[in-house]
Structure formats: C-alpha cells, structure tokens
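>>> Sequence first, then the predicted structure, then my questions.
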Amino acid sequence: MVLAECNETKKNMTEVDTFDYTVEQFADLQLLRYKVHEFENLTLKQKELIYYLSQAALEGRDILFDQNGKYNLVIRRMLEVVYTDYQGDRADANFIHMEIYLKRVWFSNGIHHHYASDKFVPGFSPEFFKAALQSVDPSKLPLAEGETVDMLCEEVFPIIFDPEVMPKRVNQADGEDLVLTSAANYYERVTQKEAEDFYNAMKSPDDTMPVMFGMNSRLVKEDGKVQEKVWKSGGLYGEAIDKILYWLGKAAGAAENEQQKAVIEKLIQFYKDGDLKTFDEYAILWVKDLNSRIDFVNGFTESYGDPLGMKASWESIVNFKDLEATKRTETISTHAQWFEDHSPVDKRFKKKEVKGVSAKVITAAMLGGDLYPATAIGINLPNSNWIRSVHGSKSVTIGNLTDAYNKAAHGNGFTDEFVYSAEEKELIDKYADLTGDLHTDLHECLGHGSGQLLPGVDQDALKAYGSTIEEARADLFGLYYLPDAKMVELGLTPNEDAYKAEYYTYMMNGLMTQLVRIELGNSVEEAHMRNRQLIAKWAFENGAAEKVVELVKKNGKTYVKINNYKKIA
C-alpha cells in the first residue's frame, strides 16, 4: 500500500525509529503500514463513531471489484479457493506465481494494474490452475446453476490468460471507442457515442445547479434501448449497499452533533432513493460540517475509472482532524482569497469571492474501496462545480499516510540511485518532506478548490481529458505558489530555496521515476501520472534551448538535472 506525510513531535521519535513501516514487497508493489496518531486521545463516543463508519467502509469492497471489471469477483473467488484449499505442492513455481497474482488482484481490486490499467500477465499455467480448481470442493467455487468446473474455465480463462481479451481497464487512446475498448464495468453493450448522446440529452445549458449525470449507475442497452441501472438499495449493488446502510444507521446514532447526524442521514436517504438531487443535498450538508472532528467519505466519488470521466467508483475514508498539523493548512485556506486574486490565470476564471474553502490535515483511521490499498494522500470534495462555487469545498491532506511514505523513504536508497548530485540530495533531505506536504495542501485547496467555469460550460466538456487536465490545473497551482515570497511570509516555508526540493523531485518523477510503474512500451493512462508527465515534459521541452532542465548521463545512468529553477517557476 503506497502511502504518505505528517509532523511528528520529538517525544515520539524513539517510537518512530523502531516502527517498521514496510510490510512486504512483490511484483512492482511495496506495502506500507501507517500509524493512527492520537486515536487513544479521542473520546469513547468518537471511537464508537469511527468503528461504525469503518464497518460501513469495509462493506463496499465488492462494489469496487465489480466496477473495475465484470469478471473480477469470479476470478478473485476462484483464486482464493485454490489459495486456501489446494492440497498440492505449495512450493511449486506455479503455486507461488498464483499467490503473487492473487496478491496483485487484491491490491488492484481486480485483474488490471491500479495505475497502468494494463491486465496482469499470470506467471502460472492454465493447466496448473485448471487442475487446481478441479481438486477443490466445487461447492466453494463461483459456479452458476448447472455450471461445471470445465465450463467455468472455458468462460473465464481467456479473461485471465489471453493478453488480447480485455487488455485495459481504462483505455484513453485517441481515435478508439473508449467505452468498447475499456474493461471497466460501467457500460454494457453501449458504444461511446450512445453513452455521450444519452447523457447530453439530459443536460440543459440553462441549469445553474446541474446534477452529475451518470455518477451512480451502469449504462446498459437492453432490447435495443439504452437505460441506466442505478446503484442503490433495491437496485444494482443493493445487497452491499444495504449492509452499508446498516452501519451508517448505527453511526447516525453516535454522531458528534446534530449537523453531522444530518449529513449521515442525508447520505442514507441517497443510498435508498439513488436520486442525484439528494446527493447534492448531502454534499452541501457535508461541506458545511466544519465543527465535527470525525469526518468521512462513503460512496460513489471519483470518476478516474470511467473512460468518459462521468461514472464514479465506490470509495471510503474514515478520519479525524490532526489538530496540530491543521494549523499549516488553515493558514493556506485563511488566505485563499489572496491566492485566488494573485493567480496567473485569466480573470474570467477567478472567483471574485472565495466561499467556504476549508483545509485540514487528517488522520486516516480506515480506508476502503478505491482508497484502499493504493490510496490518495490528499482529497478535495465535492466534485460538483456549482456546489464548489456556491457553497465551497473541503481540502484535506492525509497526514499519517504521507508520514508513512516519508518515513519509509528515508534510507531506502532511492535518492542515491536517482538523484543527480549531493547538492540535490541535501535539498531533498532538508526540505522534501515539508515541501511535498505543502504541494499536496496547495494542490487540494488552491488547485481543486479555486477558480470557476465560464457560465454555461458543461463540467464534462473535456470528456476523456477532463480528469488529467483538472489534476494538471491543481498541480500547477501548487507549483506556481511554492516559490512565492508569500509562502515564506506566512511561515509555511523556511526560506526562498526550500521549494527547489519539490521542483526537483517533481521533475524527476514526471520525466522518469513514475515510469517504473509502467511496463516498457506501454502508454501512460492514469490521470495523475499523465498530469505529472504533461507538466514535466512541457517544462523540459520548452526549456530545452536554454538547458533549463536536462537529462544527463553519469556512469552510464540517466539523471534529471535542473540548471535554472527560476526559469521553471
């Protein structure tokens, strides 16, 4: 689980030094552990609330697996039964490779890489897996009525073993039907044009409070008619949603205050009726709840898994405010109007009055769905543009996760391998943890939380490019302000050179090191990775004549070298 950041008091340093953040490593993945700082200081009622919300967070796991691919749950169950019940030689190479494959499926919530979106290549043979399936109790396998093990294998094996079948979870290639060529389970027997036409017909340019059409449904074609199957109690995913509702009901009874109780009860109503207007009412209540220390996200949230950027994957996080670290983010949000006024964008896209932009550092207590195990380190919600403009947004940096990233990275040899010289290493050692955290804060609060669309512009206007461009916008806001003298004036950075640590690591990541997650020859598909490469390559290519940034060779290895930080800024 790749995690990340937070400030640690001196009295905890002995404890930190002995805490093993790294759990396991396999394939291209490293699993990290994280601490839940200050949990012991919460009241019993707050802990009770966290427990109920955490149980609700766990119940949506299978929703995400199914959203990520039609066959994911069947394949996972087949693998798990063999893993637990196989009586053959577990030291055999085929079994060992199957175990690694299962761990990758668990990690990525399906058979496609969580970042690259490419289908995993199994290291075990079809013959081994078929024999293993035939050796276990068939009643434990996901067999349909009247289906045999041989029939199950005939149907599912091409999905697992044939590289040409469902090769990408999310396809973003120009000139292709992104719906038909993506394995994500948001559409069925529907083309990209049919999906776009279906939702365009619902939208009105005069609607100043548009719902996020398609957010909580699968679009299908049945008997020649395109229609939605809504995710709600009594509808699609109804069984899992009913379990979520049970725990949310318990959580409402343990709420910290009436405002928080109203938030939970409105979410319960949305899960029951599936009405997107209800969801907007919930989002408004949620963004206005600033007094509760415990907070959570539970539901259909981010649209990165949909090739058209409309349908939302299920996710959850249960958290509480880090009171000390939040002082940093509150400084930023308090001055949000100054940052908005001084941003370099066209004044038409600036808010004349910044409303409701709040920022805090949180401690994650439980993660679920699309936030587990590969999780975000910062969040800005809600995603509805009109709600953000009228009612504001919440920006968070997930402190104990970034802390785990930072602690695990120290001394792991990464900087020795990839950083160009001692000068850059010294900058990174001194300032990278701080400036990395600040970039996340600025990204969420000033990036996602600032600006406005022109009147009448559809928030889905950029279609498949929307997620990448929005992430680029957020990153650029953070990168633009990190070197600003205002950051030193506000006490957020210690001096005018600290920003260079984030600039170097960002350029190194965007141009080179993030590519270790992608198999050689494949395209970058994930929105955050595309955004980083877009920015880094633009700076590299546009500064090439003056050698602002170079890729240089040293001892047979390629390094990023920044010659002029001011030019990049």
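Yes, it's here.
>>> if I look at the spatially most central residue of the chain, how far off is Ala131?
With distances taken as Cα atoms, centre = their mean, Ala376 lies nearest the centre of the chain, 4.5 Å away. Look at Ala376 and Ala131: by Cβ to Cβ, to the nearest Å, they are 41 Å apart. Bear in mind the C-beta positions are built from the backbone N, C-alpha and C, glycine included.
>>> One more: Lys70?
Between Lys70 and Ala131 the distance is 26 Å, computed by Cβ to Cβ.
>>> The residue nearest to the centre of the chain - nearest residue in space that isn't next to it in sequence?
In space, Ala376 comes closest to Ile398 once its chain neighbours are excluded; the distance is 7.0 Å by Cβ to Cβ, 6 or more residues apart in numbering.
>>> How about the backbone phi and psi for that neighbour?
Recorded main-chain torsions at Ile398 are phi -90, psi 90, according to degrees, to the nearest 10.
>>> show me the residues around it that make contact.
When the contact criterion is Cβ atoms under 8 Å, 6 or more residues apart in numbering, the partners of Ile398 are 4-5, 317, 319, 361-364, 375-379.
>>> any idea of the pLDDT on it?
In this model, Ile398 is scored at 96, pLDDT.
>>> swap in Asn7?
pLDDT, the model's per-residue confidence, is 35 for Asn7.
>>> What are the boundaries of the strands in the chain?
22-26, 29-32, 187-188, 217-222, 225-230, 294-302, 313-321, 357-369, 378-381, 393-398, 549-554, 557-562 (DSSP state E).
>>> Identify each buried residue in the fifth one, please.
Translated: strand 225-230. Val226, Glu228, Val230 (16 or more other Cβ atoms under 10 Å).
>>> Does the last one touch Leu236 like I think?
Yes - applying Cβ atoms under 8 Å as the test, Val230 and Leu236 come out as touching, 6.4 Å apart.
>>> Let's see the distance spanning stretch 228-241 from one end to the other.
With Cα to Cα, to the nearest Å as the measure, stretch 228-241 spans 17 Å from end to end.
>>> which residues touch it?
Under Cβ under 8 Å, 6+ apart, the answer for stretch 228-241 is 59-60, 62-63, 66, 214, 216-220, 242, 245, 271-274, 300, 314.
>>> Could you check how many residues crowd around Ala283?
Neighbourhood size, Ala283 [other Cβ atoms under 10 Å]: 24.
>>> what's the burial count for the closest residue to Lys311 other than its chain neighbours?
With Cβ to Cβ, 6+ apart as the criterion, Lys311 has its nearest non-adjacent residue at 4.3 Å, and that residue is Tyr186. If you count neighbours by other Cβ under 10 Å, Tyr186 ends up with 25.
>>> got a list of what Tyr186 touches?
Gln67, Arg218, Leu219, Gly305, Asp306, Lys311.
>>> and it, what are its phi and psi?
Tyr186 adopts backbone torsions of phi -100, psi -10, taken as degrees, to the nearest 10.
>>> and it, how far is that from Tyr405?
Applying Cβ to Cβ, the value for Tyr186 to Tyr405 is 30 Å.
>>> what do you get for Leu248?
Using Cβ to Cβ, one obtains 30 Å as the distance from Leu248 to Tyr405.
>>> More neighbours: the two, which one.
Leu248 (22 against 19).
>>> residues contacting that one?
Taking Cβ under 8 Å, 6+ apart as the contact definition, Leu248 lies against Tyr52, Leu53, Ala56, Ile264, Leu267, Ile268, Tyr271, Asn298.
>>> and the first one, what is it in contact with?
Tyr52 is in contact with Trp247, Leu248, Lys250, Ala251, Ala254, counting by Cβ under 8 Å, 6+ apart.
>>> do that again at 10 Å, thanks
By Cβ atoms under 10 Å, 6 or more residues apart in numbering, the contact set of Tyr52 is 246-255, 264, 296, 318.
>>> what do you get for the third one?
Residues touching Ala56, when contacts are defined by Cβ under 10 Å, 6+ apart, comprise 243-251, 264, 267, 296, 298-299, 316, 318, 366, 368.
>>> which among those end up buried?
By neighbour count, with 16+ other Cβ under 10 Å, the contacts of Ala56 hold 244-245, 247-248, 250-251, 264, 267, 296, 298-299, 316, 318, 366, 368 as buried.
>>> Tell me the one among the residues you listed nearest to Pro126.
Each of the buried ones among the contacts of Ala56 was checked against Pro126 using Cβ to Cβ; the closest is Gly368, at 32.9 Å.
>>> Can you name the residues bridging to the closest one?
When bridges are called by DSSP bridges, Gly368 pairs up with Ser316.
>>> correct me, but it touches Asp62?
No - using Cβ atoms under 10 Å, Gly368 and Asp62 do not qualify as a contacting pair, with a distance of 11.1 Å.
>>> shared neighbours of those two, anything?
Shared contacts of Gly368 and Asp62 (Cβ under 10 Å, 6+ apart): Trp314.
>>> Tell me, how many residues neighbour Glu265?
Glu265 sits with 16 neighbouring residues when counted by other Cβ under 10 Å.
>>> for Lys35, same thing?
Close neighbours of Lys35, defined as other Cβ under 10 Å, add up to 20.
>>> Just to check, it is in contact with Asp322?
No - in this structure, Lys35 is not within contact of Asp322 by Cβ under 10 Å, at 11.5 Å.
>>> can you give me the helices for the stretch 1-150 of the chain?
13-18, 44-58, 61-68, 72-85, 93-108, 126-135, 149-161 (DSSP state H, counting those that start in this stretch).
>>> what's the answer for the stretch 351-500 of the chain, then?
In the stretch 351-500 of the chain, the helices defined using DSSP H, counting those that start in this stretch lie at 385-390, 399-409, 414-418, 422-442, 466-481, 485-489, 499-511.
>>> buried sites along the fourth one?
So that's helix 422-442. For helix 422-442, the buried set under the neighbour-count rule, 16+ other Cβ under 10 Å, comprises 424-425, 427-428, 430-442.
>>> between that helix and strand 357-369, what angle do the directions make?
Between helix 422-442 and strand 357-369, the angle comes out at 100 degrees (axes from the mean of the first three to the mean of the last three Cα atoms, to 10 degrees).
>>> Show me where this structure dips below the pLDDT cut-off.
Within the chain, the set of residues satisfying pLDDT under 70 comprises 1-17.
>>> in it, what residue sits furthest out from the centroid?
Centroid-distance maximum for the chain: Gly146 at 39.6 Å, with Cα atoms, centre = their mean.
>>> and that one, how far is that from Glu258?
Counting by Cβ to Cβ, the separation of Gly146 from Glu258 is 54 Å.
>>> TSV for the contacts of Tyr52, including distance to Lys168?
Putting the contacts of Tyr52 into TSV (distance: Cβ to Cβ, whole Å) gives the following:
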residue	distance to Lys168
Tyr246	36
Trp247	34
Leu248	34
Gly249	39
Lys250	40
Ala251	37
Ala252	40
Gly253	44
Ala254	43
Ala255	42
Ile264	37
Phe296	32
Val318	32
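>>> Near the spatially closest residue to Gln25 that is not a sequence neighbour, how many other residues are there?
Using Cβ to Cβ, 6+ apart and skipping residues adjacent in sequence, the residue nearest Gln25 is Leu31, 7.1 Å away. The criterion is other Cβ under 10 Å. On that basis, Leu31 has 16 neighbouring residues.
>>> No more questions from me, cheers.
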